[in-house]
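Participant: I'd like to go over a predicted model; first the sequence, then the structure.
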Amino acid sequence: DEGPIALRYPRGGGLGLELPAAGQVLEIGKGRIIREMGSQSGPEKGGIAILSLGPRLAEALKAADILAAHGLAPTVADARFAKPFDTGLVENLARNHAVLITLEEGSEGGFGSLVMHHLARTGLLDSVRFRPMTLPDIFIDHNTQAAQYEQAGLTAPYIVNTALSALGIEGASSVNMSNYSTGTKP
């Protein structure tokens, strides 16, 4: 009742979720942790957090599975709200992880920028390797959703490569992604 609210429904099919027996009230502006960081091995020094906004959450979970299979099990969080966003969740992820990736179907200057601005204002940007993943600022031809996401670089292999790069592990060659489409990002 404090102002306008907009809901975005992406095209295409959604993930099948168990519906609760009774409706649940979502607290406006509160995200949730979907998967806690598992035990880690290697040079990660604090691990990886992936904060997803919107329908890319399924790809974030696929990327988490790939990373976990190689000893880098990340925390995956669902932001749920772009504005207001859960600053407490963002601060927790930044304080407890070496790498924080935001993932969104928005353009540069969107949710990732809001998160980065908050991290900078609170001084947390100094202690976390922040990597925003957004739609690129290019025209993407009409195609299937899968092809468009691939061209945009918003699929699990790109998320994995972003995490590995932030950790200083160059290229996906250190992680076997033979069962995943990799393509070439523009």
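Facilitator: Noted; the coordinates are in hand.
Participant: all contacts plus neighbour counts: C-alpha atoms, from now on.
Facilitator: Fine.
Participant: Would you map the strands across the chain?
Facilitator: 32-35, 48-53, 75-78, 99-107, 129-135 (DSSP state E).
Participant: what's the most buried one of these?
Facilitator: Most buried of these by mean neighbour count (mean count of other C-alpha atoms under 10 Å) is strand 48-53; its value is a mean of 28.
Participant: on contacts alone, who are the packing partners of it?
Facilitator: strand 75-78, strand 99-107 (3 or more C-alpha pairs under 8 Å, 6 or more residues apart in numbering; DSSP states H and E).
Participant: before we move on, the earlier item: mind putting the strands of the chain into TSV with distance to Ala6?
Facilitator: As requested, the strands of the chain are exported to TSV (distance: least, C-alpha to C-alpha, whole Å):
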stretch	distance to Ala6
strand 32-35	20
strand 48-53	14
strand 75-78	18
strand 99-107	15
strand 129-135	20
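Participant: For the lowest-mean-pLDDT helix or strand in the chain, list the C-alpha coordinates in CSV.
Facilitator: In the chain, the helix or strand scored least confidently by mean pLDDT, DSSP states H and E is helix 145-152, which has a mean of 89. Once non-C-alpha atoms are left out, helix 145-152 reads as follows in CSV (Å, rounded to 0.1, in the frame of the first residue of the first chain):
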residue,chain,number,x,y,z
GLN,A,145,15.0,-18.7,-25.4
ALA,A,146,17.9,-21.2,-25.1
ALA,A,147,19.7,-19.7,-28.1
GLN,A,148,19.2,-16.2,-26.9
TYR,A,149,20.5,-17.0,-23.4
GLU,A,150,23.5,-18.8,-25.0
GLN,A,151,24.3,-15.7,-27.2
ALA,A,152,23.9,-13.5,-24.1
